[in-house]
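[1] Requesting a structural model of the entry that follows:
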Amino acid sequence: MRLIDGSQGEGGGSVLRIATALALVNQEAVTIENIRKKRPVSGLRPQHLLGLRALTDLCGGELVGGKIGSESITFHPGSEWKSNLSVNIPTAGSIGLILQVFQVGMLASADHRVTISFQGGGTFGKWAPTVDYIQNVTWQIFKQMNYHLELSVNQHGFFPKGGAEVTVSMNSPSKLTGVNLTQGEELKNTTISSIATTHLKNARVAERQAEEIQHNLAEHDIDATTNISISDAKNPGSGVLVYSTTGNAIIAGDAVGEKRRSAEMVGQTAFQNYFSTLSNQCSVDKFLADQVLPVMALASSSSTFTTPILTKHTRTNINLIENLTGAKISIEKFDKKFQLSVDV
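    Below you'll find the predicted structure:
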């Protein structure tokens, strides 16, 4: 039995997600105390509880203390894997955050395939990876590691009502390989993917988000293909992603629409996130770093990448991953970037 202090580092939900997913991989029970102790409202929130219950259901495990507000839980991983799983989210809770748990936990079993149907929840939300980002960035990196995951969206969901419908296929590899991510000499396949709900069609929100990014890219002589989507949803919402391939890296930036925030500001934020990584000659953006580290730590060979900023999430994840996997993650600071090496 492992005992994890949930207040360590940034003290948020990422400690919970990584600790339980790696407990499944290690087939070792874990107790997490002081859950989200540093947050204004401590303890489990509905979204965290949904993720824990879904992981428990996936592997046939047992969850003790799983209730809203709980500051301590014990997760006993199982080994009776389901091939089909249904996850119902009655709120706008992030599907992306639940997928972060699954994409690590699935590595407990080689050559296993599971189909997950999400009913409800959000495909776009603040402080969480969007499904567009996961599909076009995160999982494209994992594909290079021999880890294949796919998703299809039947309906998008936005805060506050959610209502998404998403189907996910996960295939754990027989052998997960490491990857050394580096920028190449030229950008390829630069794409802008901009979405808004039908409520915002007349205001041209999706188009304006994309046009802001196009304008910024043009100033740096970068051509892009633009995909505009107008989606039915339970309430207004929008989001935008810009990404390019270079070498074996994917440079990306995204942003989600909010009330009293113009479409142009949303587009500008996405571009700034993208250009921060590109201009500093990094191979991973500051948000992708903490998503790829747990998977890299479980590979059969070592991995490296560079990132412009080490977020609190990433620093917290590094300490936790080293403690739970035995991998060694070293950090080397350069002028405008950090190089991370994951030695297994």
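
[2] Could I get the CA-only coordinates of the longest helix anywhere in the chain as CSV?
    Determined from DSSP state H, the single longest helix within the chain is helix 263-279. Extracted in CSV, the C-alpha atoms of helix 263-279 (Å, rounded to 0.1, in the frame of the first residue of the first chain):
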residue,chain,number,x,y,z
ALA,A,263,-13.2,36.0,-30.3
GLU,A,264,-10.1,37.9,-31.3
MET,A,265,-8.7,37.6,-27.7
VAL,A,266,-9.3,33.9,-27.8
GLY,A,267,-7.5,33.6,-31.1
GLN,A,268,-4.6,35.7,-29.8
THR,A,269,-4.2,33.5,-26.7
ALA,A,270,-4.0,30.4,-28.8
PHE,A,271,-1.5,32.0,-31.1
GLN,A,272,0.7,33.1,-28.2
ASN,A,273,0.7,29.6,-26.7
TYR,A,274,1.7,28.3,-30.1
PHE,A,275,4.4,30.9,-30.8
SER,A,276,6.0,30.6,-27.4
THR,A,277,6.9,27.1,-28.1
LEU,A,278,7.9,27.7,-31.8
SER,A,279,10.0,30.8,-31.2
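
[3] ok, and the closest non-adjacent residue to the residue nearest to the spatial centre of the chain?
    Compute the mean C-alpha point of the chain, and by C-alpha atoms, centre = their mean the closest residue is P129, 4.3 Å away. Of all residues not flanking P129 in the chain, G96 sits nearest, at 4.0 Å (C-beta to C-beta, 6 or more residues apart in numbering). No exception for glycine: its C-beta is placed from N, CA and C like everyone else's.

[4] Packing partners of the host helix or strand of that neighbour?
    For G96, the element it lies in under DSSP states H and E is helix 95-105. With contacts defined as 3 or more C-beta pairs under 8 Å, 6 or more residues apart in numbering; DSSP states H and E, helix 95-105 has these neighbours: helix 13-26, helix 46-59, strand 84-94, strand 113-122, helix 131-133, strand 165-171, helix 289-296.

[5] Could you pull up the residues touching G157?
    A92, I95, G120, G121, G122, T123, F124, G163, A164, A233, K234 (C-beta atoms under 8 Å, 6 or more residues apart in numbering).

[6] For L149, see how far away the fifth one is.
    It stands for G122. Distance, G122 to L149, using C-beta to C-beta, to the nearest Å: 19 Å.

[7] How about the second one?
    Here the criterion is C-beta to C-beta. By it, I95 lies 13 Å from L149.

[8] With neighbour numbers in mind, choose between these two.
    Using other C-beta atoms under 10 Å as the criterion, I95 and L149 rank with I95 on top: 32 against 20.
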